[in-house]
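everything below, folded, please.
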Amino acid sequence: MKRKFKSLFGSGLFALSLLVVGIPQPVYAGTGSLTDLFQTQAFSGSMATISKLNWVGWLLSGIISVFCLVGLFLTVFRIMTSLMYLSGRNVFDKIHEIKSSNQGPMLGLPALFKSAFNGGGNAGSGVDTFIYFFLGLLPDVKMYSDFAEGKEMRGVSQDTTVTEYILKTSIPTIMMIFFLAIGFSGTLWQMFGTVVDAMAVAAEKVATTNLDAQVERLLNADSYYKFGFGDDGTNWGKLQENMANSIYNKVLSKSDSSIDGDYSLALGQVIGDYFTKGALTKERIAKICGSKEYANDDLEAKNIIYKVRVNSISDAYSANDVVIPFADLHAKLPSVKNAKSFKSNLYIHVYAYRKESAIKTNYFSVKKNNSDKVEKSAPANANGIKGN
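Numbering: from 1, shown residues only. Coordinates of the predicted model:
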């Protein structure tokens, strides 16, 4: 009977498979990736689903309320027991000693009675015996306070006074009550949520980054253009090469298509022209930083600070800003593969200036005609730029 059932079940399953395969299905191009499934709703949460579990929210709210209340109670209990211990340190030390030496069944009462009244040798004589027994019935306050042996609160010792105790524990206690309060009100979780949201923005940025293109660029790094401005060993040459590399990398990062050797070579040549005969020559950079004369002093290159930004703003921010439209670069790459990958609505901003801390006086300048006057730089024009 079992074999017949298994055979029948197998035949039915096989027939169902044929039926499913035989049903006409929409045909999709097989160009996707398995990881594309992570972009679907199946791999993301839904508040609609959570809203159906209202009892979970009720339970969570109850847990937060009870835990915050218990935490506040324990904080107050710890402070009060510590203050009580400090109010009669010798008495509570004796109680702790009695409690520690008289343990056993029936709440330790037989051991306590024997120690007090049956010649235990610990209770003294006369009224002291009754005091000893009475103290043995009181709670061991020291054990629950911040002065418990081997478990003292940080900064607290057996010699700490009540003033020192309040001063040393006030800040931790205030912070504990503060976090319990904002945990109860929900502010603590909102604060955590704000931080997590900020981290999620960064994570989303990583998730939406086209890492395929980045890896491809990394593998094709050998085909990237190499600027040789710094090969002359001068500071100005190194500055121009660093600026050219910054512009070059910014443009590549904004290219949509994959980068091939011809494209990167042609792009490097176009950008290099701006530094040899365009808006970013050594003299031009020196002029926008204050004076053309800076170009004649190689040490001045170390005082030049620059920033390269790419955005959709076409106007220069100031006289120190050189704007290079992507459209100009595109116009010089009409016949190169991948040239259409340019976003022509973007602009490169090269902002250069001379740092304020730079010493403006050249104390080693050569005096002319053996006079006491040193040659002065050209006066500033209306735009604050010296020289012509």
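
tell me which helix or strand in the protein has the weakest average pLDDT.
In the chain, no helix or strand scores lower on mean pLDDT, DSSP states H and E than helix 2-22, which sits at a mean of 52.

that one: what's the following helix or strand?
Per DSSP states H and E, the first helix or strand lying C-terminal to helix 2-22 is helix 47-51.

who touches that next one?
By CB atoms under 8 Å, 6 or more residues apart in numbering, the residues outside helix 47-51 that reach it are residue 56. Quick note: C-beta positions are derived from backbone N, CA and C, even for glycine.

any buried residues in the longest helix seen in the chain, and which?
Identified as the longest helix of the chain according to DSSP state H is helix 54-87. Neighbour-count burial for helix 54-87, counted by 16 or more other CB atoms under 10 Å, picks out 64, 68, 71, 78, 79, 81, 82, 85, 86.

from the residues you listed, pick the one nearest residue 350.
Of all the buried residues of helix 54-87, residue 64 has the smallest distance to residue 350: 54.3 Å, by CB to CB.

any idea how far that closest one lies from residue 177?
When distance is defined by CB to CB, to the nearest Å, residue 64 is 16 Å away from residue 177.

quick one, phi/psi of the residue lying closest to residue 251 once chain neighbours are set aside?
On the basis of CB to CB, 6 or more residues apart in numbering, the spatially nearest residue to residue 251 that is not a chain neighbour turns out to be residue 267, at 6.4 Å. Torsion angles at residue 267 (phi, psi; degrees, to the nearest 10) stand at phi -60, psi -40.

and residue 267, how many neighbours?
A count of neighbours around residue 267, defined by other CB atoms under 10 Å, yields 25.

tell me the spacing between it and residue 40.
Going from residue 267 to residue 40 by CB to CB gives 38 Å.

residue ranges of the strands in the chain, please?
For the chain, the strands defined by DSSP state E occupy 304-311, 321-325, 347-354.

so of these, which one's packed in deepest?
Ranked by mean neighbour count, those are led by strand 347-354 with a mean of 20 (mean count of other CB atoms under 10 Å).

so what does that one touch, helix or strand wise?
Packing partners of strand 347-354 (3 or more CB pairs under 8 Å, 6 or more residues apart in numbering; DSSP states H and E): helix 235-253, helix 282-288, strand 304-311, strand 321-325.

right, so of those, which gets closest to residue 353?
Among those, strand 304-311 comes nearest to residue 353, with 5.7 Å by CB to CB.

give the pairing partners of the closest one; include direction for each.
With DSSP bridges as the test, strand 304-311 is paired with strand 347-354 (antiparallel).

how distant is the strand it pairs with from the center of its chain?
Taking the mean of its C-alpha atoms, strand 347-354 sits 29 Å from the chain's own mean (CA atoms, centre = their mean, to the nearest Å).

pull the CA atoms of it into CSV?
The C-alpha trace of strand 347-354 is given here as CSV (Å, rounded to 0.1, in the frame of the first residue of the first chain):
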residue,chain,number,x,y,z
TYR,A,347,32.0,72.0,-14.4
ILE,A,348,35.4,71.6,-12.9
HIS,A,349,36.4,74.2,-10.3
VAL,A,350,40.1,74.6,-9.5
TYR,A,351,40.4,76.9,-6.5
ALA,A,352,43.9,78.0,-5.7
TYR,A,353,45.2,80.5,-3.1
ARG,A,354,48.3,81.4,-1.1
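
what's that strand in contact with?
So strand 347-354 is contacted by 243, 247, 250-251, 280, 285, 288-290, 294, 300, 303-314, 316-318, 320-326 (CB under 8 Å, 6+ apart).

at 6 Å instead, please
Outside of strand 347-354, the residues within contact range by CB atoms under 6 Å, 6 or more residues apart in numbering are 247, 285, 288-290, 303-310, 314, 320-325.
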